[in-house]
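Enquirer: Sharing a model that was predicted from the sequence below.
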2 protein chains.
Amino acid sequence: MSHTIGLDIGGTKVLGVRLDEHGSIEAEARQGSPHAGLDALIATSLTVVHELGGDGDPIGVGIAGLVDRGGNVLYSPNLPTVRRAALRDELTSATGRTVVVDNDANVALLAEVEYGAAAGRRHALLVTLGTGIGGGMYLDGRMYGGANNFGAEFGHFTVDRSGPMCACGERGHWEAIASGSALGRIAREFVGRSGGAGIVAEAGGDTAAVQGIHVGHAASKGDPDALHILAVYADNVALGLAALANIFDPEMIVIGGGLVELGNLLFGPLRDAFGRHLEGLDYRPAIAVVPAHLGERAGAIGAAVLARGVS
Amino acid sequence: MSHTIGLDIGGTKVLGVRLDEHGSIEAEARQGSPHAGLDALIATSLTVVHELGGDGDPIGVGIAGLVDRGGNVLYSPNLPTVRRAALRDELTSATGRTVVVDNDANVALLAEVEYGAAAGRRHALLVTLGTGIGGGMYLDGRMYGGANNFGAEFGHFTVDRSGPMCACGERGHWEAIASGSALGRIAREFVGRSGGAGIVAEAGGDTAAVQGIHVGHAASKGDPDALHILAVYADNVALGLAALANIFDPEMIVIGGGLVELGNLLFGPLRDAFGRHLEGLDYRPAIAVVPAHLGERAGAIGAAVLARGVS
C-alpha cells in the first residue's frame, strides 16, 4: 500500500513511474510535453497518471525551474508557458490525490541518495550537465532547498568575469562555459578556427552542426582534437566543482545529465582537473566525483520517493 | 550554573569572555597570541581562562583555519606554528574541563544568530571581509560545516579566472579581489596609476602605505577617487555574494570583519551591485545584506554559545 507515483516534467516529455516501497518500478508511462500553459500540462499529467494506474497513490512531481514550498512553479526555462502556476493545487484538484512538487534536480538527487550513486552518504551534491546546469543539495542527511526552495542554482555563479554571456544575461557564469551546450559552442569555435576534421566528420561534414555528442564520438576514436576539447571543457567543469567542494565540503558530487554518457572520456580529465583546483587537498579526505546511476528515470523515481513523505 | 567560557584565538590575540545564560558578558580577558606551537598556545589560553574565573565552566574555542569534528586544528593560516594539533584534547587535559573547538567564522555566525544580526532567522550566511574571506553557514536552523567541518571556504572559489593570484596559489579566487587586503591592493594600484591625492594624503603621503582604511577615510570626506575605488571593490564583493545567494537561497547574508566599519560607504554600493548580479530578482523575496552586530567579540561570544551544547 505504500506505492507512489512520480512524474518528471521536462521541456520534451512527461515521464512517469509507479514505484513500490522497495524502489522497484511497477509501471512506466510517457507523453510529449505540451507548451500551451498550465491547463494543458495538467491534462497531459492526468493522462500519464491514469496510464500508470495505482488509483489513489500520492503523486510527486519534479519540474525544472523555480518551485516554491507551496508547489507553485514561478518560472520554468524549458516550459515558458508555465509561469507563476499553482501546479500542486491544480493537480490536487484534478486528481483528488495528495500531490507534492519540487525542482527536478532536487528529486533526481533524492533518487540517487535513495537508490543510486549517493546511497549511504550524508553529504552529497548533484550537478547536472545538460542544456544548462542544474543542482541539488543533500546536507547532513536532509535535502536542502534554501529559504524559499530556490537554492542550488549552481549554474549561476560567476567563474570567469570576462567570459561568455550566460543565457540569464550575466557574464561568465559557470553554466556558460560548463553546460552541455557550452561544450558544443567550444567545439564549434574550435572547428571554425582550427579545422578539427575528425569532429566535423561526426557531424556529417557540417561545421555549424557540431554538438557536444560529436566531440564525444570523435574522442572515443582517439581523435586528438576532440580529446583536447574535452580537456578544456573538463577544466571548465572542474573550476565550478572545486568551488562547490570548497563551499560545501561534501563527501561526493554526483554528475548527471546527458554528458554522463561520455564516461571516462569526461571523468578522466575531470577528476584530474578537480584535484588541481581543490583547496587544501593535503588536509582533506578525497571527494568522490561520480556519474549518476539512474539515468533518465532519476527525476521520476525521486519524485515518487518525495511523495512517500506525504502518503 | 549555565555559564560558559568562549575563546577566540586569532593571529594577533586570544580574546576570552565568560557568558551567562542570557548572553551577557560577565568577564572579559585578552592576551597576545604566541607563535611557538601548540604548547605555548595552551599556556596562553590557560592564562585567559584563569583570568575569566568560573571554575569548571565548559570552554568553547573558535580558531581560524581547518578544524575537524574532533577539535583538531589541521591548519591555521594566521597561526602557522599550530598544525595538525589536537587542540581540544590538549586543552581538555590542561583544564580538566569540557572543551569544544570550531572554526572562528562558524562560531561568529552562531553568535550573530543567537544575539546579533541574524536573530530569528533560519537561513543565514556569514561572510567576513578581512585579511582573507571567512564564512559560515546556518541552514534551516542548524550550523552546517560539511562532511568534515571544512566547508564555508567562501574565499576560495574562482570568480575571475584571469584575475589576480590568491594567497592559496589559485588564480582569481573571490578572496583575491574582495578581501580587505584586496581593497588595499586595488587602492595602491589606483594611486600608482592615477594619482588619488586625497587617498595618499590619508596614508601620510606614502603611496606604498595605502591600505583599505585610507580609502574609507578619504571616502568619508567625499573624495571622488575613493568613492570610485569603493564602487569597484563593492562590485567585486557583490559578485561573490550573488554566487552564494544563487547557491544557498538564504534569508540573509551577514557581513563581518574590519571593513564593516566603513558602514554605508560600503553597504550602499554593495547592495546596489548585489541587486545587479543576483539571479531571478523578480521572482524571489529580497535577501538582506547586513553588517554583523557583535563586532570583535562575536567569535568569543559564539564560542561560549557553542560550549552550552556540551555542558
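Expert: Received, thanks. Remember, predicted model here, so these are calculated numbers, not experimental data.
Enquirer: tell me the contacts of A:Asn149?
Expert: Residues near A:Asn149 by CB atoms under 8 Å, 6 or more residues apart in numbering or on different chains: A:Leu66, A:Val67, A:Asp68, A:Arg69, A:Asp102, A:Asn103, A:Asn106, B:Asp249. Placement of C-beta: from N, CA and C, glycine included.
Enquirer: Now flag whichever of those residues is closest to B:Leu91.
Expert: B:Asp249 (37.4 Å; CB to CB).
Enquirer: Among the contacts of A:Asn149, which pair sits farthest apart?
Expert: A:Asp102 and B:Asp249, at 13.5 Å, using CB to CB across the contacts of A:Asn149.
Enquirer: Can you work out which residues contact both of the two?
Expert: A:Gly145, A:Asn149.
Enquirer: Is the most centrally placed residue in chain A part of a helix or strand, or is it coil?
Expert: Against the mean C-alpha coordinate of chain A, by CA atoms, centre = their mean, the closest residue is A:Thr128 at 3.4 Å. Assigned by DSSP: H, G, I helix; E, B strand; the rest coil, the conformation of A:Thr128 is strand.
Enquirer: Identify the bridge partners of it.
Expert: On the basis of DSSP bridges, A:Thr128 is bridged to A:Gly134, A:Gly256.
Enquirer: Now, the contacts of A:Asn149 that are in strands?
Expert: Within the contacts of A:Asn149, membership in strands is found for A:Leu66, A:Val67, A:Asp102, A:Asn103, as judged by DSSP state E.
Enquirer: Just the buried residues out of the contacts of A:Asn149, in PyMOL syntax.
Expert: Those of these that count as buried under 16 or more other CB atoms under 10 Å in any protein chain shown are selected in PyMOL with:
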select buried, (chain A and resi 66+67+68+102+103+106) or (chain B and resi 249)
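Enquirer: Isn't A:Ile59 up against A:Val99?
Expert: Yes: assessed by CB atoms under 8 Å, A:Ile59 is found in contact with A:Val99 at 4.8 Å.
Enquirer: and these two? which has more neighbours close in?
Expert: The residue with more neighbours, out of A:Ile59 and A:Val99, is A:Ile59; 29 against 25, by other CB atoms under 10 Å in any protein chain shown.
Enquirer: who's in contact with the more buried one?
Expert: A:4-7, A:49, A:91, A:95, A:97-100, A:303, A:307.
Enquirer: And the residues you listed, which is closest to chain B?
Expert: Nearest to chain B among the contacts of A:Ile59, counting by CB to the nearest CB, is A:Val100 at 17.7 Å.
Enquirer: quick one: strands adjacent to the helix or strand hosting the closest one?
Expert: Using DSSP states H and E, A:Val100 maps to strand A:99-103. Strands that pair with strand A:99-103, judged by DSSP bridges, come out as strand A:59-63 (parallel).
Enquirer: State the distance from A:Thr92 to A:Gly195.
Expert: 57 Å (CB to CB, to the nearest Å).
Enquirer: out of the two, which sits in the more crowded spot?
Expert: A:Thr92 (17 against 12).
Enquirer: part of a helix, is the more buried one?
Expert: Yes: according to three-state DSSP, A:Thr92 belongs to a helix.
Enquirer: can you give me the helices for chain A?
Expert: Taking DSSP state H as the test, the helices found in chain A are A:38-52, A:87-95, A:104-115, A:174-178, A:180-194, A:197-202, A:212-220, A:224-248, A:264-277, A:298-308.
Enquirer: buried residues in the fifth one?
Expert: When you say that, I think you mean helix A:180-194. A:Gly180, A:Ser181, A:Ala182, A:Leu183, A:Gly184, A:Arg185, A:Ile186, A:Ala187, A:Arg188, A:Phe190, A:Val191.
Enquirer: isn't A:His173 right up against A:Glu153?
Expert: No: judged on CB under 8 Å, A:His173 makes no contact with A:Glu153 at a distance of 9.6 Å.
Enquirer: who has more neighbours, the two?
Expert: A count of neighbours by other CB under 10 Å puts A:His173 above the other of A:His173 and A:Glu153, at 30 against 26.
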